[in-house]
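[1] fold the following and give me the result.
(2 chains)
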Amino acid sequence: MGKPNDLVQGTLDLLILKTILLEPMHGWAIAKRIQQVSCEVLQVQQGSLYPALHRLEQQGWIKAKWAESETGRQAKFYSLTAAGRRQLETETANWNRLSAAINLIVTEA
Amino acid sequence: MRWLAQMRMRIQMLFMRGTAAARLDAELRDHLERQIAENIAAGMSTEEARFAALRAFGNPALVREQTRGTWSWNWLELLLRDVRYGVRTLARTPGFASIAILVMALGIGANVALFTIVRSVLMKPLPFKDPDRLVRLYEQSSDGTFPFNQSAAGVFAAWKKQSRSFSDMAMSGYDEYNLSGNGGQLPEAVRSAVFTWNMLPTLGVEPALGRNFTADDDRPSANPTVLLSWGLWKRRYGGSASILNQTVMLDTKSYTVIGVMPAWFAYPDQRVQMWTPLYHENAPLITDALDDHEFTAVGRLKPGVTEAQALAEISVITRELHNQHLDNPFVNKDANMRPLLESIVGPIRAPLHMLLAATGCLLLIACLNVANLLVARSAARQKEHAIRAAMGGRRWDLLRQRLMESLLLAGAGGAAGLLLAWGALHWFASARQDVTRVEAIHIDGAVALFAVGLVAMCAAFAGLISSPQDWQDGLVAWLQESSRAHSGGRRSTRLRAVLLALEVGLTVMLLIGAGLLLKSYAKLRASDLGCITKNVLKMDFNLPEARYSQPACVTFFRELLTRVRSSPGIEGAGLVFPVVPGDGEGGDNGFEIAGRPPLPQGQLRDALHRWADPGYFAAIGIPILRGRSFDDNPETHSDEVIISYAFAQKFFAGEDPIGQHLITLGRKPHEIVGIVGDTRTASSDPPQPTMYFSIYMADWVYSTDYLNAASLVVRSPSDVTQLSVPVQRIFQQMDRDLPVSNVLTMDQVIGRNNMDASFNAMLLAVFAGVSLLLAAVGLFGVLSYLVAQRKGEIGIRIALGAQREQVLRKVLLDGLRPALVGLAIGLAGSAAAAREIASMLYGTEPLDAAVFGAVSLTLLAVAAAACVVPAWRASRLDPMQALRTE
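    Now for the predicted structure:
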C-alpha cells in the first residue's frame, strides 16, 4: 500500500470532489469514505486533506457549512458548488483519458 | 458565479481571519476526536486511543500551517508577521534603531532634496509650448573669447528677415524702471525686460489677463504699453482686474497696462517684474546697430529643421554682414546656437552635479554604516539564527526577516528623510532666490518614486551586504564557532573591515572636495578687489530722462554729493556708473590710441568702461598712482580719461601714458590725465584694463546721450549700515518720486556674488562632517566589537605574558588598518574627482597638497581617537576574568 502522498498530483482534488458529490460531508468522513470505497488502498492523511479542502474552498469549487453532525457536535460540512460540479466533470474526463493512456502503455508491454 | 464565491471567500478571509483560524482549530479537533472515538470503538483503552490518533494525525501545528498556507491573503499575513517581528527586534535595541534610522534619514533626505533640485532645474522641460524646438541664438565674437555672445539688434533683424529655418524668432533684453507710487505708495525701482512683440507667441505663452503686445505696440511711435508680472500685480495692485487699460508711471512717463502674465512665467529670469515692447523702448540707433551686443535672441525651429541646419543658415547671414562691415571689428563673424533650456541652466549644471555626487557618497556611507551595524548585530545573533535554522526555519525565511529589518530601518529613514528634504527645499527656495528656475522646484510624483526607490535600494543593500554568511556558512560551523567564540565571526569581521575601508574612502573624498571648495572660497573672500570694502555702502538710482535733462542730471549729481558729504558720519562719497568693483563687468568700449597705426582688420583694442565723479576714487579708496583725478572744471570733463594700472601695463608698456590720447566714445580724443589702481569685476577674476570717464560728461557715443543713472558709494569710519536711512532720506528730500535700489554694503555685494561658492563649500563641508562622524562611529563600533569578540584570545595572550603595550599596539593597528586602506582609496579617488570640480575652484589647485595633507591628518587623528578607547580597554583586560567569562 502506497503512502498517501503517492497519490497522483491533483488526484486528491478529484477524489474529494467525487466523494462529496452526493451529500455534504465533513473532513473526517471524507477521509473515511475514500478509504472505504478504495478498499483501504487509499489513505488520505490530514496533512494533505485539510490543505486540499481549504484550497478547493478558496477556489470556489466547494463550499462549507457548519452544522450539527450525527454526534450532536458542530462540524464543518463541505458540499459542491455549481462550478465545482463542472470542475468535477472536467477532472473526471481528464482522469479517464490519463488513466486509459497509462493503462495502454502498461498492458502493452 | 464562481468569481462571486471567490470574492466572498477573499473578503471573509481578509476580515474574519480570527474566526477562520478558530474554525480551523475546531475542525481539526473534531477530526481528532472522531479518530479517538473510532479507536475506542475498535477496543483500545482511552489512553491508547488518544496516542494512536495523534500518531496518525501527525504534527497538528504543521497541518494547521499548511492549511493556512492555502488561504488567500496568506502573503499579507506573513508580511505582517515579519513586520511585527522586525519591529519587535528593533524595539529591543532602540539605540541601534534610532541611530540607523537617523543615518538613513540624513542620506535619503539629502539625496531626495538634491534630486528634486536637479530634476526641477536641469531636467524638467521649460514650461513653454514644444520647448525642445526652442533655441537661443548667439553671435560668436571674432577673437573667440565669447563663443556665446549676445546679439546686436541689427544682426537679429537680418537673421529674422533672411533665415528660413525658424517658424518664429524673437528678442529680449533687460531694463529697469522707476515705478512711481500713487496714493501714498513709495516709488520703486523695478527690474524689467523688453520683448519684441512676438516673444510670447514664439514661446507659446499667453498673458493670464488682458492681451499680448501687438506689432503696432512695438514701434517707437506707439503709445507706451506694459505687461505686469503676477507677483507685482498682486503685491502692488491688489490683484484687481481693473488695472487693465489703466496707466502706470514708469520713469515719469505713463504706460498703459495691457496684461498680466501667469504666475509661473519667469522669462528671461524670475526677478523680472514687468515687460515692455523692445522697439518702443530702444532708440533706432540701438535697434539698428550691428555692433551693440545687448540682446538675447530666441528662435523656434521649424518642424524637421535640425539645429545644425539652422546654425549653418544664420552663420552664413552673420558672415555676410561681417564682410559688408570689415571696417568695424565689433561686427561679429560667426553665429552660435544652443537649446534654450541649456542656455538657461548650463552654468549651474556642474555645481549641481557635484552636489548630487556628494549626496550620493553620503547615502552610500549611510548604507555602509547601517550595514555595518547590522553585521555587528547579526554576528551577535548567530546562535539564535543557527537554532532557528535547526528548528526548520528556512534560509529564505531568515533572509526575509533580515531584509524586513533593514526595510523597516530604511522605510522609517526614508519617511524622516522625505520630511527633511521637504524642509530643506523650502529653505533652499527662500534662501536662494537667485538660482535659475528656483520657481520650478517642487516635490512631485517622480521624486516620491525616487524616494521609494532609494528606500528599497538602501534596504536591499544594507540587508544583503550584512547577511552573506547566512548562506555561506554551514549550520554546524555556526554553532561550533559561536560555542568557542575565540576567533568568532572571522568572516563578518573581515566584511566589516572592507565596509569600513570603503566608508573611510568615501569620507576622504568628501572631505577633500569640501576642503578644496572651502580653501577656494577663503581665497575668494581674501582676494583684494582693489578698493576699500569695509564700511562702504552703495545704492543705485536712475533719474528719469523725461524730467532730467543733461544739465539737470549734473546739477542733481553735484547737489547730492554736496549734501551727502556734509552729513554727519560720512568719510567719503562718490558716484560711479555702471557698477562698483566686484559687481560684474558693467560693459566695455573699443578705442584707438592717437598716433599709433590702426590695428590690422579684425583686431581691436577694448577695455572696460566706467564713469565716475572726481571724488569717487578717494571715496572708495582706489589709489591714484600717477597723475590726477578729474578736476572740478566741468568744461574739460568730456575730453579726459583715467586709466587703470592694468590698462597702462597692457597698452603702454614702457611708455608714459599721461598726456597721450585715447580715441573712443564717438571717435573723440580723450586725454589720459591719471592712472589709478586696478579693481576686479568679481573676486574670482583677474583685474582687467579699465578706463574711467567723467560722470558729468555731456555727450558720449551719440550726442544725445548723457548719464542719468549712477551708484552712490558712501564710506564711513564706523558701522555704515546706520547711514543707509539718512542717505536715502536725502534722495527723498531732493525728489519725492525717486526710488533708490540695491542698497548694499560692499561686503554684501561681494557676498552676493560669491554666494554660489560659499553655498557649495558650506553644503559639502556639512556632508563631509557628517560622513566623518559616521566613519568614526563605524571605526569605534567595529573595533569595540572586535575586542569584545577576542576577549578570550587577548586574555590568553596576557596570561601567557604579552605586554600590555603590545596588546594596545596590536589592537590599535587592527583598527587603523581599514582606515589606512580607506585613506589610500580615498586619496586616489579624490585625485580623479578633483579634476571634475576644477572649474569651480579659484586660486586652488585640484591636487592642492595642503588640503590633501590636512584631510589625511584629520582622518588619521579621528581614526586614532575612535580606536584608542577600545584598544586601551583591551590592554586593561584582566586575563582571569576574561577567561572565566567564557
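[2] what's near enough to touch residue 31?
    Since no chain was named, I'll use chain A. If you count contacts by CB atoms under 8 Å, 6 or more residues apart in numbering or on different chains, residue A:31 has them with A:43-46, A:49, B:31. The way it works is simple: take the backbone N, C-alpha and C, and place the C-beta from them, glycine included.
[3] chain B, not that one
    A:27-28, A:31, A:46, A:50, B:57.
[4] just the closest of the residues you listed to residue B:108, please.
    Ranked by distance to residue B:108 (CB to CB), those are led by residue A:50 at 45.5 Å.
[5] surely that closest one touches residue B:63?
    Yes: counting by CB atoms under 8 Å, residue B:63 is a contact partner of residue A:50 at 5.9 Å.
[6] who touches both of those two?
    Counting by CB under 8 Å, 6+ apart, the contacts common to residue A:50 and residue B:63 are residue B:28.
[7] so which strand or helix has the residue nearest in space to the middle of chain A?
    Note on chain A: the residue nearest the mean C-alpha position is residue A:16, at 1.4 Å, using CA atoms, centre = their mean. When elements are assigned from DSSP states H and E, residue A:16 belongs to helix A:11-19.
[8] quick one: buried residues of that helix?
    Buried residues in helix A:11-19, counted by 16 or more other CB atoms under 10 Å in any protein chain shown: A:12-19.
[9] in a markdown table: these, plus pLDDT.
    What follows is the buried residues of helix A:11-19, written out as a markdown table (pLDDT from 0 to 100):
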| residue | pLDDT |
| --- | --- |
| A:12 | 87 |
| A:13 | 87 |
| A:14 | 89 |
| A:15 | 90 |
| A:16 | 90 |
| A:17 | 90 |
| A:18 | 90 |
| A:19 | 91 |
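[10] ok, so of those residues, who is nearest chain B?
    Nearest to chain B among those, counting by CB to the nearest CB, is residue A:13 at 11.7 Å.
[11] residue ranges with poor pLDDT in the chain?
    If you meant another chain, say so; for now it's chain A. Within chain A, the stretches with pLDDT under 70 are A:1-10, A:109.
[12] wait, chain B was what I had in mind.
    For chain B, the stretches with pLDDT under 70 are B:1, B:183-184, B:378-383, B:391-394, B:466-493, B:601-603, B:633-637, B:698-705, B:885-886.
[13] got the residues of it near chain A?
    Residues of chain B lying close to chain A by CB under 8 Å from any CB of the partner chain are B:1-3, B:5-6, B:9, B:13, B:23-24, B:26-28, B:30-31, B:34-35, B:37, B:56-59, B:62-63, B:66-72.
[14] show me which of those residues are buried.
    Buried positions within those, assessed by neighbour count (16+ other CB under 10 Å), are B:5-6, B:9, B:13, B:24, B:27-28, B:30-31, B:34-35, B:57, B:63, B:66-68, B:70-71.
[15] starting at the chain centroid, how far to the helix holding residue A:16?
    2 Å (CA atoms, centre = their mean, to the nearest Å).
[16] then stretch B:226-246?
    On CA atoms, centre = their mean, the centre of stretch B:226-246 falls 32 Å from that of its chain.
[17] buried residues, it. List them.
    Neighbour-count burial for stretch B:226-246, counted by 16+ other CB under 10 Å, picks out B:226-230, B:232-233, B:236-237, B:243-244.
[18] what's the nearest residue to the residue of the stretch 551-700 of chain B found nearest chain A if we skip its chain neighbours?
    The nearest approach of the stretch 551-700 of chain B to chain A comes at residue B:684, 71.8 Å away (CB to the nearest CB). Distance criterion CB to CB, 6 or more residues apart in numbering or on different chains; nearest residue to residue B:684, sequence neighbours excluded, is residue B:842 at 4.4 Å.
[19] same question for residue B:606.
    Nearest residue to residue B:606, sequence neighbours excluded (CB to CB, 6+ apart): residue B:590, at 5.0 Å.
[20] does that neighbour touch residue B:662 like I think?
    No: using CB under 8 Å, residue B:590 and residue B:662 do not qualify as a contacting pair, with a distance of 10.3 Å.
[21] when the two are compared, which one has more neighbours?
    Counted by other CB atoms under 10 Å in any protein chain shown, residue B:590 and residue B:662 do not tie: residue B:662 has more neighbours, with 24 against 16.
[22] sheet-wise, list the partners of the host helix or strand of that one with their directions.
    Using DSSP H and E, the element containing residue B:662 is strand B:661-664. Sheet pairing here is set by DSSP bridges, and for strand B:661-664 it gives strand B:592-593 (antiparallel), strand B:668-676 (antiparallel).
[23] how far out from the middle of the chain is the shortest one?
    Shown here is strand B:592-593, whose average C-alpha point lies 45 Å from the average C-alpha point of the whole chain (CA atoms, centre = their mean).
[24] right, and the helix or strand after that strand?
    Using DSSP H and E, the helix or strand that follows strand B:592-593 in sequence is strand B:606-612.
[25] convert the next helix or strand after that next one to PDB, retaining C-alpha atoms only.
    Next in sequence after strand B:606-612, counting helices and strands by DSSP H and E, comes helix B:616-620. Presented in PDB, the C-alpha positions along helix B:616-620 are these (Å, rounded to 0.1, in the frame of the first residue of the first chain):
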ATOM      1  CA  TYR B 616      34.900 108.600  -6.500                       C
ATOM      2  CA  PHE B 617      38.500 107.300  -6.300                       C
ATOM      3  CA  ALA B 618      39.100 108.800  -2.900                       C
ATOM      4  CA  ALA B 619      35.700 107.800  -1.600                       C
ATOM      5  CA  ILE B 620      36.100 104.100  -2.300                       C
END
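[26] give the next helix or strand downstream of helix B:616-620.
    Downstream of helix B:616-620, the next assigned helix or strand under DSSP H and E is strand B:624-627.
[27] who's in contact with that next one?
    Contacts for strand B:624-627 (CB under 8 Å, 6+ apart): B:617, B:642, B:645, B:658, B:672-677.
[28] export these to CSV and tack on neighbour count?
    As requested, the contacts of strand B:624-627 are exported to CSV (neighbours: other CB atoms under 10 Å in any protein chain shown):
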residue, neighbour count
B:617, 24
B:642, 27
B:645, 19
B:658, 16
B:672, 24
B:673, 21
B:674, 19
B:675, 21
B:676, 25
B:677, 17
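[29] what would the residues you listed look like in CSV with distance to residue B:207?
    Below are the contacts of strand B:624-627 laid out as CSV (distance: CB to CB, whole Å):
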residue, distance to residue B:207
B:617, 47
B:642, 47
B:645, 51
B:658, 57
B:672, 52
B:673, 52
B:674, 52
B:675, 53
B:676, 48
B:677, 50
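[30] quick check: chain neighbours aside, which residue is closest to residue B:804?
    residue B:875 (4.3 Å).
[31] what is the burial count for that neighbour?
    Residue B:875: 21 neighbours (other CB under 10 Å).
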